[in-house]
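> need a 3D model of the sequence below.
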Amino acid sequence: MKKLEIIIKPERLEELKEIFNTCDVQGMMLTNIMGYGNQKGYKKSYRGTAYTVNFLPKLKVETVTDAETAGIIIKLITDRLTTEEIGGGKIFVYDVEDVVRIRTGVHGKDAI
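From the prediction side, this is the model:
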């Protein structure tokens with residue numbers, strides 16, 4: 001099993017949900033985050049004073065799925081959500097040793 005941690009711009013969420021629905025993903029967790037990468041933010045001016053906005057709004061979307069589906073999701077994201085702009089996002093992939101559904105005690109893929 002794989003855990004995907006996907007960092008995207010907030011306006012790309014609906015497209016990502018469509019990809020998840022296509023792949024029959026059972027669930028996801030969503031966190032509003034602030035951050036920056038290579039772009040290091042941007043400069044703004046307010047009443048003649050320039051300042052730098054370092055942290056930009058992003059979404060962190062997490063899901064756990066089998067390795068085959070994870071590969072399909074990654075391919076679809078890189079095909080459909082690709083942009084020429086810097087700050088488009090990242091996908092982090094982690095191995096998941098086990099999953100346990102607390103209510104029933106079921107382990108593994110059936111617990112997802």
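> quick check: Glu15 is in a helix.
Yes: checked against DSSP: H, G, I helix; E, B strand; the rest coil, Glu15 lies within a helix.
> my guess is it contacts Asp79, does it?
No: counting by CB atoms under 8 Å, Asp79 is not a contact partner of Glu15; they are 11.0 Å apart. C-beta: built from backbone N, CA, C; applies to glycine.
> burial of Asp24, as a residue count?
Neighbourhood size, Asp24 [other CB atoms under 10 Å]: 8.
> who has more neighbours out of Glu15 and Asp79?
Between Glu15 and Asp79, counted using other CB under 10 Å, the more crowded position is Glu15 (14 against 9).
> Leu81 and Gly89 touch, don't they?
Yes: using CB under 8 Å, Leu81 is in contact with Gly89, at 7.1 Å.
> what touches both of these two?
Shared contacts of Leu81 and Gly89 (CB atoms under 8 Å, 6 or more residues apart in numbering): Ile8, Arg12.
> contacts for the longest helix along the chain?
With secondary structure taken from DSSP state H, the chain has its longest helix at helix 67-80. By CB under 8 Å, 6+ apart, the surrounding residues in contact with helix 67-80 are 1-2, 4, 6, 15-16, 19-20, 22-25, 63, 65, 91, 93.
> which residues of the chain score low on pLDDT?
Within the chain, the stretches with pLDDT under 70 are 39-42.
> and for it, the residue most distant from the center?
Gly48 (36.5 Å; CA atoms, centre = their mean).
> now stretch 47-54: how far from the chain's centre is it?
Relative to the chain's own centre, stretch 47-54 is displaced by 29 Å; criterion: CA atoms, centre = their mean, to the nearest Å.
> just stretch 9-22 next, same as before
Computed by CA atoms, centre = their mean, the chain-centroid distance of stretch 9-22 equals 9 Å.
> that one: which residues count as buried?
Lys9, Arg12, Leu16, Ile19, Phe20 (16 or more other CB atoms under 10 Å).
> hang on, the last one packs against Gln26?
It stands for Phe20. No: counting by CB under 8 Å, Phe20 sits too far from Gln26 to count as a contact (9.2 Å).
> could you give me the buried positions within stretch 50-65?
So stretch 50-65, judged by 16+ other CB under 10 Å, has buried residues Leu56, Lys58, Leu59, Lys60, Val61, Thr63, Val64, Thr65.
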